[in-house]
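>>> model the following, please.
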Amino acid sequence: MDHIVVLGAGVGGTMSANMLRRRLDRSDAEITVVDKSTEHAYQPSFYLLPFGYMEPEDQFRDVRGLLRDGVEFVHDEVTGVDPDEKTVELSDEELSYDYLVVALGHRLAPEATPGMMEGWEETDAVYPFYHFEAAMELREALEDFDGGTFVVSVPDTSIKCGGAPLKMTMLAEDYFRRQGIRDDVEVVMTKGSDAVFGVSPYREKLEEIWAERDIEANLNFTVEEIDYEAQVIHSESGDTQEYDLYAPVPPQYGQPPLTENSPLTEGDIENDAEYVSVDEHTLQHTEYDDVFGLGDGCSTPNAKTAAAARKQAHVVLDNLTAHMDGRRMTAEYEGYAACPLLTEKGKAMVAEFDYEDSISAPVESRMNWIMDINILPSFYWNGWLRGYDPLP
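Residues are numbered from 1 along each chain as shown. So this is what the prediction gives:
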């Protein structure tokens, strides 16, 4: 019997494991999921929690309740992978595999920016909201905020959900208007590139919205250090940005068990060997045929979103099972990603695009808001994660 080991119980790992279990007979394959946490978080809620648009008690599920019968869960930390020996090193044991699916995702690294952790821990002004705890603390800080400069910053590293800092910025501006303090608040987002969003026509629509609402885009500003005592952000080029309330996106990198204790990330110059090197279409590893990767932690040059991982799970399912059977792999991932861009309370537009083209129109609507806030979470928990996705 073949043994499939899935590393990571996030969107990509959980969905892949459940889809594989649905397709493969139990007498043909044993499936094991490994994760150091027993909790699965609905991370798209983290930029909504500060404004009370979602509630914290609804955002977590026990991983073991999400996995189908016949999928074994190992609660342990991955410490390394030896694809030549086909083994996964854990803190308490070693697992052997026949096929490996790597979905360990991004590592949040606020400590990589000098002053970010200290600002979070020692002041009431810095909240790296990609962390659940910081998002909830920001909710309290917003309630007490009565004016000043509100800043969101975007690091130069790859990040999960590249639209989240834009959504945080726009929802904050809308929140201040609703609180009656907009005239007393300067709203700024810093970013190291020359555009608020990288894909047309959504970029142009966002620029129009930001101009109308007097939201400042401090572009070509790469955060180098945070002087949390003076409440000043320093850029790599020597520029500064003052803040009174600061919601930085922390830098994000590959997982050390892969980057430091496996060859799976080697040889990928474009991403400095931070991510698992896979073919951008088949999602098969570039060196090890029995290894597949998906999600935020693989080297595909797409926007890192749950919608992307959802599409990638279908490709991993089809190509891995074809590879197991000795058949030609025909499934291809075309770089699809989707990002509901919430522009204000009750209004959003959906950015959809792939490696080559934009797909959806840049139209704001209430229906898009309802879809993101009221409909998608149910599909996420009750359908996609459990391996049910009839419209890939």
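>>> residue 260 and residue 254, how far apart?
Residue 260 sits 9 Å away from residue 254, going by C-beta to C-beta, to the nearest Å. Backbone N, C-alpha and C define where each C-beta goes, glycine included.
>>> just checking, what packs against the longest helix along the chain?
Determined from DSSP state H, the single longest helix within the chain is helix 306-325. In this structure, helix 306-325 packs against helix 11-23, strand 99-102, strand 291-293, strand 337-344, with contacts taken as 3 or more C-beta pairs under 8 Å, 6 or more residues apart in numbering; DSSP states H and E.
>>> any idea how far residue 168 is from residue 148?
For residue 148, the distance to residue 168 - C-beta to C-beta - is 17 Å.
>>> neighbour count winner among these two?
Shown here are residue 148 and residue 168; by other C-beta atoms under 10 Å, residue 168 has more neighbours (25 against 16).
>>> helices along the chain, start to end?
Per DSSP H, the chain carries helices over the ranges 11-23, 63-66, 116-122, 132-144, 164-178, 202-212, 256-259, 306-325, 366-370, 376-379.
>>> off-centre distance for the last one?
Taking C-alpha atoms, centre = their mean, to the nearest Å, the mean C-alpha location of helix 376-379 is offset from the chain mean by 17 Å.
>>> likewise for the fourth one?
Centroid separation for helix 132-144 versus its chain: 20 Å, with C-alpha atoms, centre = their mean.
>>> in it, what's buried?
Under the neighbour-count criterion of 16 or more other C-beta atoms under 10 Å, helix 132-144 has 132, 134, 135, 137, 138, 139, 141, 142 buried.
>>> beta partners of residue 226?
Judged by DSSP bridges, the bridge partners of residue 226 are residue 233.
>>> my read is that it contacts residue 128, right?
No. Using C-beta atoms under 8 Å as the test, residue 226 is too far from residue 128 to be in contact (10.3 Å).
>>> who touches both of the two?
Residues touching both residue 226 and residue 128 (C-beta atoms under 8 Å, 6 or more residues apart in numbering): 116, 248.
>>> about what we covered before: which one of the helices of the chain lies nearest to residue 82?
Of all the helices of the chain, it is helix 256-259 that lies closest to residue 82, at 11.3 Å by C-beta to C-beta.
>>> so which elements touch the closest one?
By 3+ C-beta pairs under 8 Å, 6+ apart, helix 256-259 packs against strand 78-82.
>>> for residue 218, which non-adjacent residue is closest in space?
Nearest residue to residue 218, sequence neighbours excluded (C-beta to C-beta, 6 or more residues apart in numbering): residue 190, at 4.3 Å.
>>> how much space between the residue sitting nearest the centre point of the chain and residue 319?
Taking C-alpha atoms, centre = their mean, the centroid of the chain lies closest to residue 160, which sits 2.8 Å from it. Counting by C-beta to C-beta, the gap from residue 160 to residue 319 is 23 Å.
>>> cool, and residue 181?
53 Å.
>>> looking only at neighbour counts, state which of these two leads.
It is residue 319, of residue 181 and residue 319, that has more neighbours when counted by other C-beta under 10 Å, with 23 against 14.
>>> okay, and for the stretch 1-150 of the chain, where does confidence drop off?
Low-confidence segments of the stretch 1-150 of the chain, defined by pLDDT under 70, are absent.
>>> break this structure into its domains for me.
Per the record, the chain has its domains at 2-106+254-337+371-384, 110-252, by automatic domain parsing.
>>> what's the closest of those to residue 359?
Across those, closest to residue 359 is domain 2-106+254-337+371-384 (C-beta to C-beta), at 8.0 Å.
>>> end-to-end on that closest one?
25 Å (C-alpha to C-alpha, to the nearest Å).
>>> per-residue confidence at residue 270?
The score at residue 270 is 50. That number is its pLDDT.
>>> measure residue 112 to residue 10 for me?
Look at residue 112 and residue 10: by C-beta to C-beta, they are 21 Å apart.
>>> with residue 192 instead?
Residue 192 sits at a distance of 26 Å from residue 10 (criterion: C-beta to C-beta).
>>> between those two, which one's more packed in?
Per other C-beta under 10 Å, whichever of residue 192 and residue 10 has more neighbours is residue 10, with 25 against 17.
>>> skip the chain neighbours and tell me the closest residue to that one.
In this structure, residue 10 finds its nearest non-sequential neighbour in residue 105, 5.1 Å apart by C-beta to C-beta, 6+ apart.
>>> where's residue 136 relative to residue 283, distance?
Relative to residue 283, and taking C-beta to C-beta, residue 136 is found at 35 Å.
>>> what of residue 347?
In terms of C-beta to C-beta, residue 347 sits 35 Å off from residue 283.
>>> and residue 109, by the same measure?
Per C-beta to C-beta, residue 109 is found 25 Å from residue 283.
>>> which one's more surrounded, the two?
residue 283 (30 against 16).
>>> look up how far residue 224 lies from the more buried one.
Going from residue 283 to residue 224 by C-beta to C-beta gives 35 Å.
>>> and what of residue 292?
Relative to residue 224, residue 292 is positioned 37 Å away (C-beta to C-beta).
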